[in-house]
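Peer 1: sequence and computational prediction follow.
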Amino acid sequence: MAESLKGKPVADAIKAELTEKVASLKEKGITPKLGIIRVGARPDDLFYEGGAKKTCQIVGMDSEVFEYPEDIDQASFEKAVTEIGAKKDVNGILMFSPLPKSLDERKIRSLIPVEKDVDCLTVGGAAKVFTDDATGFPPCTPTACMEMLHFYDIPIKGKKCVVLGRSLVVGKPMAMLLLREHGTVTICHSRTENLPDVCKDADILVAAVGRAKMVTADFVKPGQIVIDVGINADPDNPGKYCGDVNFADAEPIVEKISPVPAGVGSVTTSVLCKHTIMACEMQNS
Ligand SMILES: Nc1nc(=O)c2c([nH]1)NC[C@@H]1CN(c3ccc(C(=O)N[C@@H](CCC(=O)O)C(=O)O)cc3)C=[N+]21
């Protein structure tokens with residue numbers, strides 16, 4: 001039976017560290033603040049928003065939600081995002097993605113100031129991540145994966161790291177973060193030839209394809225560390241969700257595996273707050 005890499009102890013450790021940081025900032029009269037921009041009311045967004053607000057409250061920082069109707073026009077929304085970006089008291093901005101199709105998301109993302117881009121929504125933010133610039137914030141999900149690996153003392157240096165998935169929000173930055181720590185990184189995806197064999201060769205497998213239970217027994221081997229980033233509707237349990245890994249298949253085979261739920265997903269809001277506090281510190285130095 002594999003060791004379960006639970007997210008809660010990781011999130012708790014981050015929150016404890018952040019609580020101290022916020023307290024010392026407050027002594028200097030500074031309270032970090034996260035601004036959340038939401039268009040419409042998708043259940044996914046609302047769920048994450050609830051978690052983010054709660055984590056802010058736990059660590060003692062402020063948060064404010066800026067909510068807009070789904071049919072907002074491009075010009076009005078551009079004006080709103082620009083104004084939020086200019087707010088002195090807002091140190092970090094999370095804008096829920098994707099935006100409604102009627103909006104030009106690329107244009108709107110570019111209006112977020114890079115120094116407040118705590119979830120890597122801007123081209124400038126991504127450039128910093130890809131150039132190993134420590135003032136940039138990688139997206140919260142791949143950062144949460146790195147926090148998990150660090151917390152559980154899983155060595156990365158020299159290891160074969162396979163990232164399954166190539167999205168801008170997880171796969172690509174995940175590869176950069178592993179590379180930064182001297183992993184030997186392979187990015188593979190749904191079109192990769194012999195995909196199960198490529199995954200099976202990994203020491204550390206990060207599953208981020210967004211397909212429920214796609215990683216089956218033939219993708220894994222004994223000794224492996226599996227980090228499951230997926231949050232998918234569970235086809236076998238209506239109303240529940242599941243990862244990209246078929247847990248029942250993989251768990252008896254591998255060494256350590258993160259569960260879904262209660263794995264990586266539960267660390268993301270702590271990372272979001274961590275990034276916002278780092279942004280606040282940089283903005284006040
Ligand atoms: N710019 C942007 N960044 C995002 O990060 C983003 C977004 N837009 N749009 C919406 C989705 C949704 N999302 C979730 C993240 C974590 C959980 C999560 O916390 N999952 C927990 C469950 C919590 C629990 O049950 O305790 C888990 O997997 O264990 C859920 C949803 C981020 N999103």
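Peer 2: Structure received.
Peer 1: ok, what's across the strand from the residue nearest to Ala212 when sequence neighbours are not counted?
Peer 2: Nearest residue to Ala212, sequence neighbours excluded (CB to CB, 6 or more residues apart in numbering): Asn232, at 3.8 Å. Using the backbone N, CA and C atoms, a C-beta is placed for each residue, glycine as well. Beta bridges link Asn232 to Cys242 when assigned by DSSP bridges.
Peer 1: what sits against Asn232?
Peer 2: By CB atoms under 8 Å, 6 or more residues apart in numbering, the contact list for Asn232 reads 210-213, 241-244.
Peer 1: helix, strand or coil for the closest residue to the ligand within the chain?
Peer 2: Scanning the chain for proximity to the ligand using CB to the nearest ligand atom identifies Gly265 as nearest, at 2.1 Å. Recorded secondary structure, Gly265: helix (DSSP: H, G, I helix; E, B strand; the rest coil).
Peer 1: again with Ile14
Peer 2: Under three-state DSSP, Ile14 comes out as helix.
Peer 1: list the contacts of it.
Peer 2: By CB under 8 Å, 6+ apart, the residues touching Ile14 are 147, 267, 270-271, 273-274.
Peer 1: quick one: neighbours of Asp133, just the number.
Peer 2: Asp133 has 11 neighbouring residues, counting by other CB atoms under 10 Å.
Peer 1: from Cys120, how far off is it?
Peer 2: Asp133 sits 12 Å away from Cys120, taking CB to CB, to the nearest Å as the criterion.
Peer 1: ditto for Lys240
Peer 2: Per CB to CB, Lys240 is found 29 Å from Cys120.
Peer 1: swap in Asp203?
Peer 2: Distance, Asp203 to Cys120, using CB to CB: 26 Å.
Peer 1: so these two - more neighbours on which side?
Peer 2: Just comparing Asp203 and Cys120: by other CB under 10 Å the higher neighbour count belongs to Cys120, 25 against 19.
Peer 1: pretty sure that one sits in a strand.
Peer 2: No - the assignment for Cys120 (three-state DSSP) gives coil, which keeps it out of a strand.
Peer 1: how about it, what does it touch?
Peer 2: Contacts for Cys120 (CB under 8 Å, 6+ apart) come out as 126, 129, 136-139, 169, 173.
Peer 1: now with 10 Å, please.
Peer 2: Contact analysis of Cys120 by CB atoms under 10 Å, 6 or more residues apart in numbering lists 109, 114, 126, 128-129, 136-143, 168-169, 173, 275.
Peer 1: wait, Thr276 sits on Lys116?
Peer 2: Yes - applying CB atoms under 10 Å, one finds Thr276 in contact with Lys116, separated by 8.5 Å.
Peer 1: which residues are in contact with each of those two?
Peer 2: Residues touching both Thr276 and Lys116 by CB under 10 Å, 6+ apart: 34-35, 90-94, 137.
Peer 1: okay, Lys101 and Glu70: tell me how far apart.
Peer 2: For Lys101, the distance to Glu70 equals 10 Å [CB to CB].
Peer 1: neighbour-wise, which of these two wins?
Peer 2: Using other CB under 10 Å as the criterion, Lys101 and Glu70 rank with Glu70 on top: 12 against 7.
Peer 1: within range of the ligand, give me the residues from the stretch 51-200 of the chain.
Peer 2: Residues of the stretch 51-200 of the chain lying close to the ligand (CB under 6 Å from any ligand atom) are 51, 94-97, 119, 121, 140.
Peer 1: where exactly do the helices run in the stretch 51-200 of the chain?
Peer 2: 74-86, 105-109, 123-130, 140-151, 171-180, 195-200 (DSSP state H, counting those that start in this stretch).
Peer 1: including distance to Asp44 and mean pLDDT, could those go into JSON lines?
Peer 2: Supplementary listing: the helices of the stretch 51-200 of the chain in JSON lines, determined by distance: least, CB to CB, whole Å; pLDDT from 0 to 100:
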{"stretch": "helix 74-86", "distance to Asp44": "20", "mean pLDDT": "98"}
{"stretch": "helix 105-109", "distance to Asp44": "16", "mean pLDDT": "98"}
{"stretch": "helix 123-130", "distance to Asp44": "22", "mean pLDDT": "98"}
{"stretch": "helix 140-151", "distance to Asp44": "13", "mean pLDDT": "98"}
{"stretch": "helix 171-180", "distance to Asp44": "19", "mean pLDDT": "98"}
{"stretch": "helix 195-200", "distance to Asp44": "27", "mean pLDDT": "98"}
